[in-house]
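Engineer: I need the structure of the sequence given here:
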Amino acid sequence: MSEQLYIYLSLVFILAGFVKGVTGMGLPTVAMGLLGMFIPLPIAVALLVIPSFVTNMLQLFTGPSVRLIISRLWLMMLLIVAGTVSASSLLITINPAWSAFALGVALIVYAAFALVSPSFTVSQAREKWLSPVIGGVTGIITGATGVFVMPAVPFLQSLRFSKDELVQALGLSFTVSTVALAVGLYLHDAFRVEQFSLSFLSILPALVGMWLGQKVRARISAKTFQAVFSPVSDCARNGVDFTPLCLIHQTCRTGYRGCQCSLYDRVMLTPDFGRAEYPDENYGDNPLEATSDQGETATDEGGANLANRPLSVYIQRSFTADLFHRPVFIAVDGF
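Structural biologist: Below is the predicted model:
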């Protein structure tokens with residue numbers, strides 16, 4: 001992993017942890033908004049899993065009301081798990097442009113809610129049937145975008161929890177969402193060892209940012225801070241242009257810029273999603289019949305022939321490359 005990559009990830013998670021330390025939420029929202037500007041959403045979500053889990057577990061156990069909150073919200077949590085695991089396939093299968101659009105919409109809705117801050121309460125009678133509905137909708141949005149604040153956050157705020165109980169309830173919701181998202185990514189083969197190590201390294205920056213945010217929260221109004229630093233600015237990332245990218249089209253022998261896996265280079269993906277152009281002479285016109293520099297048919301790590309596989313297969317193989325040495329936006333049908 002390059003120093004540039006780790007420095008950028010550290011800054012992102014310090015900022016995201018800082019926002020969470022002040023407001024009790026916002027780590028996935030801020031992190032997804034910033035990471036999504038430079039790396040594909042499936043990777044951004046995978047990097048988010050471990051630091052989000054650790055910080056949310058700390059938040060969940062900051063008070064004495066864990067059992068009470070779980071007994072009250074268990075059905076909502078169950079539906080969050082079901083919705084997230086089911087919808088996580090959307091991050092892998094739908095057009096990345098639509099994934100980016102969905103993330104942008106989720107951030108805009110959250111930003112609007114943070115700015116308006118509507119005050120309302122849900123009665124105990126309505127809570128019984130609204131709880132699973134909110135859980136299911138939150139799970140679907142989480143699985144599709146990696147952001148799990150809407151509509152769970154406003155719903156939890158409407159349940160008349162005390163301040164400390166609300167912080168714990170948010171921690172429970174975010175923890176369950178994070179675990180469910182990790183399970184969904186794993187089941188769809190989108191959570192790899194390389195991403196796990198990067199996600200693990202992001203724990204310390206997130207904790208540092210969270211600690212700094214908690215210090216600031218003791219000095220200023222969290223409501224004022226949340227209004228100023230709402231994720232409106234993050235929504236600008238929705239305008240990112242999914243331009244052509246270049247992937248490594250060679251099998252690493254001793255490693256390519258630090259990677260040790262089969263990667264693919266010089267496959268220029270055009271914005272019409274799926275058509276490929278090969279700038280080198282030894283690559284055929286058919287994107288599914290590419291050969292290596294040695295004239296051999298391209299294979300994956302296990303030696304399997306890639307000639308008849310969808311292009312999206314070797315796009316996924318490229319994800320462990322050094323992200324700062326080439327464009328990484330994915331714009332291909334079927335990914």
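Engineer: am I right that Trp211 is in contact with Gly21?
Structural biologist: Yes - counting by C-beta atoms under 8 Å, Trp211 touches Gly21, with 6.5 Å between them. Where you see a C-beta, it was placed from the backbone N, CA and C, and this is true even at glycine.
Engineer: which one of the two is surrounded by more residues?
Structural biologist: Gly21 (25 against 12; other C-beta atoms under 10 Å).
Engineer: next, Tyr112: phi, psi?
Structural biologist: Just to correct that, residue 112 is Ala rather than Tyr. phi -60, psi -40 (degrees, to the nearest 10).
Engineer: what about it, neighbour count?
Structural biologist: Neighbours of Ala112 (other C-beta under 10 Å): 15.
Engineer: now do the domain split for this protein, please.
Structural biologist: 3-239, 241-335 (automatic domain parsing).
Engineer: out of those, which gets the lowest mean score?
Structural biologist: Per-stretch mean pLDDT for these is lowest at domain 241-335 (a mean of 34).
Engineer: mind listing what Met32 touches?
Structural biologist: 41, 44-45, 48, 103, 107, 145-147, 234 (C-beta atoms under 8 Å, 6 or more residues apart in numbering).
Engineer: kindly format the C-alpha coordinates of the helix or strand containing it as CSV.
Structural biologist: Assigned by DSSP states H and E, Met32 belongs to helix 27-35. Written as CSV, here are the backbone C-alpha positions of helix 27-35 (Å, rounded to 0.1, in the frame of the first residue of the first chain):
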residue,chain,number,x,y,z
LEU,A,27,-18.8,8.4,10.3
PRO,A,28,-20.2,6.3,7.3
THR,A,29,-21.8,9.4,5.7
VAL,A,30,-18.7,11.5,5.7
ALA,A,31,-16.4,8.6,4.9
MET,A,32,-18.5,7.3,2.0
GLY,A,33,-18.8,10.8,0.6
LEU,A,34,-15.1,11.3,0.6
LEU,A,35,-13.9,7.8,-0.3
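Engineer: can you give me the angle the next helix or strand after that helix makes with helix 27-35?
Structural biologist: Helices and strands here follow DSSP H and E; after helix 27-35, the next one along the chain is helix 41-60. Interaxial angle, helix 41-60 versus helix 27-35 (axes from the mean of the first three to the mean of the last three C-alpha atoms, to 10 degrees): 150 degrees.
Engineer: in helix 41-60, what counts as buried?
Structural biologist: Residues of helix 41-60 classed as buried: 41-57, 59-60 (neighbour count, 16 or more other C-beta atoms under 10 Å).
Engineer: same for that helix, what does it pack against?
Structural biologist: Using 3 or more C-beta pairs under 8 Å, 6 or more residues apart in numbering; DSSP states H and E, the elements in contact with helix 41-60 are helix 3-23, helix 27-35, helix 89-93, helix 96-116, helix 163-187, helix 193-201, helix 203-217.
Engineer: what angle separates the first one from helix 41-60?
Structural biologist: Taking the same axes, to 10 degrees, one finds that helix 3-23 is oriented at 40 degrees with respect to helix 41-60.
Engineer: go through helix 3-23 and flag the buried ones.
Structural biologist: Neighbour count says helix 3-23 has 5, 8-10, 12-23 buried, by 16+ other C-beta under 10 Å.
Engineer: now swap in the third one and tell me
Structural biologist: By neighbour count on 16+ other C-beta under 10 Å, the buried set for helix 89-93 is 89-92.
Engineer: and Arg67, how many neighbours?
Structural biologist: There are 8 residues near Arg67, going by other C-beta under 10 Å.
Engineer: which strands or helices does the strand or helix carrying it pack on?
Structural biologist: For Arg67, the host element (DSSP H and E) is helix 66-87. Taking 3+ C-beta pairs under 8 Å, 6+ apart as contact, the helices and strands that helix 66-87 lies on are helix 124-145, helix 163-187.
Engineer: Val85: which of these is closest?
Structural biologist: Smallest distance to Val85 across the helices and strands packed on helix 66-87 (C-beta to C-beta): 4.4 Å, for helix 163-187.
Engineer: how big is the angle separating the closest one from helix 27-35?
Structural biologist: 50 degrees.
Engineer: quick one: helix 163-187 to helix 124-145, angle?
Structural biologist: If you take the same axes, to 10 degrees, helix 163-187 sits at 40 degrees to helix 124-145.
Engineer: got the buried residues for helix 163-187?
Structural biologist: Applying 16+ other C-beta under 10 Å to helix 163-187 flags 165-186 as buried.
Engineer: what angle do that helix and helix 66-87 make?
Structural biologist: Using the same axes, to 10 degrees: helix 163-187 against helix 66-87 is 30 degrees.
Engineer: would you mind giving the helices and strands packed on helix 66-87 as JSON lines with distance to Ser99 added?
Structural biologist: What follows is the helices and strands packed on helix 66-87, written out as JSON lines (distance: least, C-beta to C-beta, whole Å):
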{"stretch": "helix 124-145", "distance to Ser99": "7"}
{"stretch": "helix 163-187", "distance to Ser99": "13"}
